[in-house]
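Q: Quick one, fold the following:
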Amino acid sequence: MSWIIAILVRLAGLAGVSLSPFAAGALFAGGLAVVAGGAAIAGGVHLYNAGFSSADAKCEAAQVAAQNAQLQARLAEKDRQLIFANALQQRDAKRAAAAEAQIQSNQGAIDATPANPNKCFTRDMSRRVRGVR
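A: Numbering: from 1, shown residues only. Model prediction:
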């Protein structure tokens with residue numbers, strides 16, 4: 001440390017200032033205090049920024065978790081709707097198959113009906129038809 005004070009006294013002498021070893025030591029100690037204070041302030045700013053970033057990250061994580069929960073609920077609702085739509089589609093497919101089978105059965109009965117050689121109604125048949133209300 002004494003060599004630093006000697007250098008400061010010599011530099012002050014070159015600049016034309018008479019500086020005692022005590023004053024040079026005080027200047028050196030003051031400079032160290034300023035550098036240490038600046039480093040402490042820089043460290044404090046860094047810690048403040050780190051804390052702010054941490055709080056911001058926690059807030060963002062909470063928002064993302066809430067959005068995730070909303071999306072999960074929407075996905076569950078869409079799954080339920082899809083299951084319902086698939087059930088309707090299967091029910092309609094069964095109904096269409098049953099209707100097609102009934103149409104085939106009716107067409108078979110139509111095809112099996114013999115041709116009627118007497119295409120006109122008799123008087124008795126006409127009265128019966130008129131009496132249907």
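Q: helix or strand right after the top helix by length along the chain?
A: Scanning the chain for the helix with the most residues, using DSSP state H, yields helix 21-112. Remark: after helix 21-112, the chain's next helix or strand is helix 123-130, criterion DSSP states H and E.
Q: quick one: average confidence on that next one?
A: Helix 123-130 shows a mean pLDDT of 79.
Q: what comes into contact with it?
A: The contact list for helix 123-130 (CB atoms under 8 Å, 6 or more residues apart in numbering) reads residue 121. Quick note: C-beta positions are derived from backbone N, CA and C, even for glycine.
Q: buried sites along that helix?
A: Judged by neighbour count (16 or more other CB atoms under 10 Å), helix 123-130 contains no buried residues.
Q: swap in stretch 78-90?
A: Under 16+ other CB under 10 Å, stretch 78-90 has no buried positions.
Q: Contacts made by that stretch with the rest, please.
A: Outside stretch 78-90, no residue touches it (CB under 8 Å, 6+ apart).
Q: Could you tell me how far it lies from the centre of the chain?
A: Its chain's C-alpha centre and that of stretch 78-90 lie 24 Å apart, by CA atoms, centre = their mean, to the nearest Å.
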